[in-house]
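>>> got a structure for you, letters missing:
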């Protein structure tokens, strides 16, 4: 718990060193804060723009102690930071936001969906799967096609496999490494949307306009925002975000991915306890973007104005897409964002472009 | 001369470590560049957000050699970098933009105004003053009130004194330390405006909309942009910027401060060979702000779209103004920018706020 807003020039500790940490650092700098990055990779995207960086693994207690000593508050850019790391830092007397409780729930797809339902938020139908027998029973209950995902550590379509027929059960269970998993019924959705929202230490909440997402091969390709959805859908999505934020006693920005079913019924797909790719449009679309909003929330500053200035189409630049930068950089009314990663490996998120549509 | 655009991930060297360097570094990061800062102060605003920083004086050749070795191109955020420093770096085979020639002219108010006139750009009437006798002769020629300024090193109203009567000559000359100076006739202007414009390695030029400036005690207080001036004034101001950019064979962003006299006649007041306080409005006002435009120009990237998205009023936060951040940060449709300076000394530029007006 932060008792007062952090003063000008305070240092924000960042667990994780990727592009989200980079853009959080840039936003923190705009408000006059320093950032200290903790992550496994030397010269990582976030470290390039931060006042200090410690390169170490998340279970290196000596390194965590040094890191903690330099920080006035600690946050994260990556949801798979071990909950034990957060607890260790909290045990050192540091304020960590979001906290270990929120991470423990959102790191596990079964706990996450169970939590959502407890908050009165609909999800797709699902079953926990620990064994092949569990999977067979789950397939009998949910039918096919259905989606098998590891409970933990999956993102961008990794650690998941579609099952078209019950006979594929064993192959599918092997494909996810026989790990504790979740089977999800297929949602017949008409749109995928997401809502990015923030909650501060005083309980105040602010939500950005809705983004409509298009995925290709399980990876986000584009977000259009504010999405062309009805006011009722916006209201319902914002209500879901509020239930999730309050239920987790969450501090900072999170994203809730939702499926829009026929009749504009919303079901929760996933919670990301951090700034989110589907919120990148806010950099050009809002006065206060999702990165600054997160910094404001965790430092106890007043939350920023999340209203949209314009419609933006965000397109991810994956792998070699980034090599097209000379053409992308020449587009009028568009902002290119490049993450500073050394190699454009296939499917790797190298940057994005925000195109102002109106 | 840069023969090809700098590739992704290249390192931009920055001479100077203040807030302009900080905002240039943030813009460079957005495009995936790394920045290396060279300046005199430990933990300075720009160093806090850069991949590397060397703390040394501008005549430390060993430090300059180490700096140069890490840079793919070198630029500056401060016009009083010694021209000798730029020549030393150029002698090491480094590309420096803008170059020593542009700095040598704009560092000296007499050379600057003489250059402007050679380009067909009107200035206020002026005389070079090396001695008290020179000053007396200049006062006889230009009359009073007139403004005595040191030829070099003055900024934000420092190193200048108004002379109301010829009898004040000696006191005024003492007030500027008896240094080589310039006497300028008083301009009866109706507005002070500025134009911020860029020129790339291929000679391409782009100018931002005009800003209207209000100074208090010789320091910029607010800029309103795009300014409510006629199309003819905009055209004339852009034409002046182009003459200056071409005449200096300039690479990067510069600012030209102009007085608007009766009948919309423009006269040049000053050239700043760098991004400029009166261009800060572009951060919220344009898709590509002045900082990114400068980075694009010096790296050989395509110049960005300088068109305005909205009207912005930029207000400087001097000294203790910054202590009002809790109220400023809570304003809707406004972006606070804080520079990361430790102490709010009187008159010190601590940050600014861009308020979106329409």
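Sure, I can see it. Keep in mind that what you see is a predicted model, and the values were worked out from it rather than measured.
>>> which SS state does residue A:315 fall under?
Recorded secondary structure, residue A:315: strand (DSSP: H, G, I helix; E, B strand; the rest coil).
>>> brain fart, residue A:355
In three-state terms, and counting by three-state DSSP, residue A:355 is strand.
>>> How far off centre is stretch A:287-295?
Offset of stretch A:287-295 from its chain centre (C-alpha atoms, centre = their mean, to the nearest Å): 14 Å.
>>> Go through it and flag the buried ones.
Within stretch A:287-295, the residues that count as buried by 16 or more other C-beta atoms under 10 Å in any protein chain shown are A:287, A:288, A:289, A:290, A:291, A:292, A:293, A:294, A:295. All C-beta atoms are positioned from the backbone trio N, CA, C, and that covers glycine.
>>> Please apply the same query to stretch A:134-148.
Buried residues in stretch A:134-148 (16+ other C-beta under 10 Å): A:134, A:135, A:138, A:139, A:142, A:144, A:146, A:147, A:148.
>>> Show me the residues you listed that map onto strands.
Taking DSSP state E as the definition of strands, these contribute A:146, A:147, A:148.
>>> Identify the bridge partners of the residue in the stretch 251-358 of chain A positioned nearest to chain B.
Using C-beta to the nearest C-beta, residue A:338 is the residue of the stretch 251-358 of chain A that sits closest to chain B, at 2.8 Å. Taking DSSP bridges as the rule, residue A:338 bridges to residue A:351, residue B:31.
>>> ditto for residue A:197
residue A:207, residue A:254.
>>> same deal with residue A:213?
Counting by DSSP bridges, residue A:213 forms beta bridges with residue A:192, residue A:223.
>>> so what's it up against?
Taking C-beta atoms under 8 Å, 6 or more residues apart in numbering or on different chains, we find residue A:213 in contact with A:192, A:193, A:194, A:220, A:222, A:223, A:257, A:278.
>>> swap in residue A:130?
A:180, A:181.
>>> ok, now which ones touch the residue lying closest to residue A:138 once chain neighbours are set aside?
Nearest non-adjacent residue to residue A:138, counting by C-beta to C-beta, 6 or more residues apart in numbering or on different chains: residue A:127, 3.7 Å away. Residues counted as contacts of residue A:127 (C-beta under 8 Å, 6+ apart) are A:134, A:137, A:138, A:141, A:142, A:182, A:183.
>>> quick one: which of the ones in strands among the buried residues of stretch A:134-148 is nearest to chain B?
Within those, proximity to chain B (C-beta to the nearest C-beta) peaks at residue A:147, which comes in at 34.8 Å.
>>> That closest one against residue A:187, yeah?
No: in this structure residue A:147 lies outside contact range of residue A:187 using C-beta atoms under 8 Å: 9.1 Å.
>>> Quick check, pLDDT for residue A:158.
For residue A:158, the model assigns a pLDDT of 73.
>>> In space, what's closest to it - neighbours in sequence excluded?
residue A:218 (7.6 Å).
>>> can you give me the helices in the stretch 201-350 of chain A?
A:231-247, A:282-285, A:290-299, A:325-328 (DSSP state H, counting those that start in this stretch).
>>> Pull the residues that contact the last one.
Pointing back at helix A:325-328 there. For helix A:325-328, contacts defined as C-beta under 8 Å, 6+ apart pick out A:317, A:334, A:336, A:338, A:351, A:353, B:5, B:8, B:301, B:302.
>>> Now for the third one, how many residues are close by?
By the measure other C-beta atoms under 10 Å in any protein chain shown, the count of residues near residue A:336 is 23.
>>> Ok, the second one next?
Counted by other C-beta under 10 Å, the residues lying close to residue A:334 total 20.
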